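Visitor: Return atomic coordinates for the entry below.
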Amino acid sequence: MNSIVVMPDFFLDRIIRLTSKEEFFNVLAEKARFGGGSIRDIPTKDIKGGNAVNIAYSLARLGANVALFTVGDEIASAVLHQTFLEFRNIVDLFIVPGNHGRTTSLEFLSQEDIKFNLMVSDVGDNADFGPEKVNSEEHLKILGNADATIVANWGSNLKGTQLAEYVFENSSKALHFIDPADVESRREDFQKCLESISNITDVLSINENECNSLGKAIGLGTLIPEHYDPEIVKGAAKTIADNVRISTDLHTRKGSAWSNGKEAEFVHSIRVEAKTLTGAGDVWDAADVIGYMSGLDAKERLIFSNASVSLYVRNSSALPPKLDDVFDMLERIGA
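Guide: Coordinates of the predicted model:
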């Protein structure tokens with residue numbers, strides 16, 4: 001297998017794990033009433049982040065050859081080389097000098113049915129990652145030989161449309177995969193982006209929030225309400241795929257769906273106690289791409305991706321699974 005190319009964002013993430021949002025807000029209000037102070041004994045962890053970097057790392061853990069294009073300063077470069085050290089034989093890093101992003105992620109984990117994360121970010125030079133960052137002869141050769149090209153976090157990149165067009169047009173043999181991340185503040189722009197790249201894009205990967213943002217941009221309103229069932233998820237994927245003319249993979253808390261606008265499939269999530277939320281969508285994407293590369297059909301691919309992400313969210317160390325781990329789980333659940 002030739003390399004899977006992933007780009008462009010890198011963030012240094014600080015994950016703060018909290019109980020309920022109500023308890024946290026009450027503590028904040030109490031501290032504010034007394035003019036400030038420290039909130040102690042809050043579990044905190046600093047990790048590498050960014051959708052592209054997380055996807056690349058998850059792919060490497062699954063055994064894929066990866067070429068990662070991103071941006072960062074000397075500290076970021078050191079972190080990335082250390083992170084991918086064990087995969088130096090299958091991962092190539094192309095780090096453009098600049099300011100990487102920084103994110104603080106608040107994870108609320110105690111409530112039974114509503115576990116979520118809230119991310120506060122400074123995107124840095126991820127906002128300005130265009131075709132000029134991937135234009136050397138070596139870069140073009142890598143794109144030309146790729147089996148898959150993944151453009152992530154369009155929502156943070158003001159040159160995201162130009163980048164996707166350029167990367168997909170220069171990787172004619174590859175699967176073309178885009179995951180936009182949060183597009184709520186730019187949802188109409190993203191709809192226009194999809195119109196311009198629909199003929200060169202194979203897969204649009206979104207979560208329920210991104211699905212609703214796109215639904216509003218299209219003029220269809222909220223496609224996945226607060227309370228939803230598998231048929232709603234399946235129907236939402238079909239509606240998006242039909243309107244943007246791109247096969248759509250939709251991953252939600254309750255399960256994931258695929259549609260090409262005509263047919264659709266849904267697979268339930270594997271219920272686990274969530275210990276990690278940040279990066280779960282990236283792990284799902286990586287497994288999804290591996291599924292495409294392996295020739296799995298839609299239902300098999302969704303099962304494989306759901307199993308992969310279930311292993312990740314139950315792991316408090318935020319470590320994506322290896323291929324054998326996923327196979328073991330699939331055998332245990334009889335899939």
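Visitor: Please make it C-alpha for all contacts and neighbour counts, starting now.
Guide: Will do.
Visitor: Give the helix, strand or coil label for the residue most central in space within the chain.
Guide: Nearest to the mean C-alpha position of the chain, by CA atoms, centre = their mean, lies D282 at 3.2 Å. With DSSP: H, G, I helix; E, B strand; the rest coil as the basis, D282 sits in helix.
Visitor: Report pLDDT for it.
Guide: Reported pLDDT at D282 in the predicted model: 96.
Visitor: Quick one: residues contacting the nearest residue to it once chain neighbours are set aside.
Guide: In space, D282 comes closest to I55 once its chain neighbours are excluded; the distance is 5.0 Å by CA to CA, 6 or more residues apart in numbering. By CA atoms under 8 Å, 6 or more residues apart in numbering, the contact list for I55 reads 6, 282-283, 285-286.
Visitor: Next up, identify which helix or strand I16 is on.
Guide: strand 11-18 (DSSP states H and E).
Visitor: Also W258?
Guide: Using DSSP H and E, W258 falls in strand 255-259.
Visitor: avg pLDDT for that strand?
Guide: On average, strand 255-259 scores 98.
Visitor: other SSEs contacting it?
Guide: helix 230-244, strand 247-251, strand 264-268, helix 298-313 (3 or more CA pairs under 8 Å, 6 or more residues apart in numbering; DSSP states H and E).
Visitor: Of all the ones you listed, which one comes closest to E208?
Guide: strand 247-251 (6.9 Å; CA to CA).
Visitor: just checking, what packs against the closest one?
Guide: Checking 3+ CA pairs under 8 Å, 6+ apart, strand 247-251 ends up next to strand 203-207, helix 208-218, helix 230-244, strand 255-259.
Visitor: Can you give me the first-to-last residue distance of stretch 177-188?
Guide: 20 Å (CA to CA, to the nearest Å).
Visitor: Would you mark the buried spots in it?
Guide: 177-184, 186-188 (16 or more other CA atoms under 10 Å).
Visitor: Mark which of these are part of strands, please.
Guide: 177-179 (DSSP state E).
Visitor: can those residues go into CSV with extra columns for distance to A318?
Guide: CSV is the format used below for these (distance: CA to CA, whole Å):
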residue, distance to A318
F177, 24
I178, 23
D179, 20
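Visitor: With respect to K299, which of the residues you listed is nearest?
Guide: The closest of these, once distances to K299 are taken by CA to CA, is F177, at 18.1 Å.
Visitor: Is it correct that that closest one is in contact with I200?
Guide: No: applying CA atoms under 8 Å, one finds F177 not in contact with I200, separated by 9.7 Å.
Visitor: ok so, going back, so the residue nearest to D282 is in which element?
Guide: helix 51-61.
Visitor: tell me the helices in the stretch 1-150 of the chain, going along the chain?
Guide: According to DSSP state H, counting those that start in this stretch, the stretch 1-150 of the chain carries its helices in the segments 21-33, 51-61, 74-83, 137-145.
Visitor: in terms of contact, does V267 touch W258 like I think?
Guide: No: with contact defined as CA under 8 Å, V267 does not reach W258; the gap is 9.1 Å.
Visitor: Remind me what the strand holding I16 packs against, helices and strands.
Guide: Checked by 3+ CA pairs under 8 Å, 6+ apart, strand 11-18 has strand 44-49, strand 101-108 packed alongside it.
Visitor: I would like the residues contacting the first one, please.
Guide: Looking back up the chat, that one is strand 44-49. Applying CA under 8 Å, 6+ apart, the set of residues contacting strand 44-49 is 10-17, 54, 79-80, 83, 279.
Visitor: Which members of those residues are the farthest-apart pair?
Guide: Checking these with CA to CA, the most distant pair is R17 and L80, at 23.6 Å.
Visitor: rewinding a little: avg pLDDT for the strand holding I16?
Guide: 81.
Visitor: got a list of what the residue nearest to L143 when sequence neighbours are not counted touches?
Guide: With CA to CA, 6+ apart as the criterion, L143 has its nearest non-adjacent residue at 4.9 Å, and that residue is S171. If you count contacts by CA under 8 Å, 6+ apart, S171 has them with 143-146, 149.
Visitor: Just among the residues you listed, which is most surrounded?
Guide: T149 (29 neighbours; other CA atoms under 10 Å).
Visitor: which among the ones in strands among the buried residues of stretch 177-188 gets closest to N117?
Guide: The closest of those to N117 turns out to be D179 (CA to CA; 18.2 Å).
Visitor: what angle separates the least confident helix or strand in the chain by mean pLDDT from helix 74-83?
Guide: In the chain, no helix or strand scores lower on mean pLDDT, DSSP states H and E than strand 44-49, which sits at a mean of 74. Taking axes from the mean of the first three to the mean of the last three CA atoms, to 10 degrees, one finds that strand 44-49 is oriented at 90 degrees with respect to helix 74-83.
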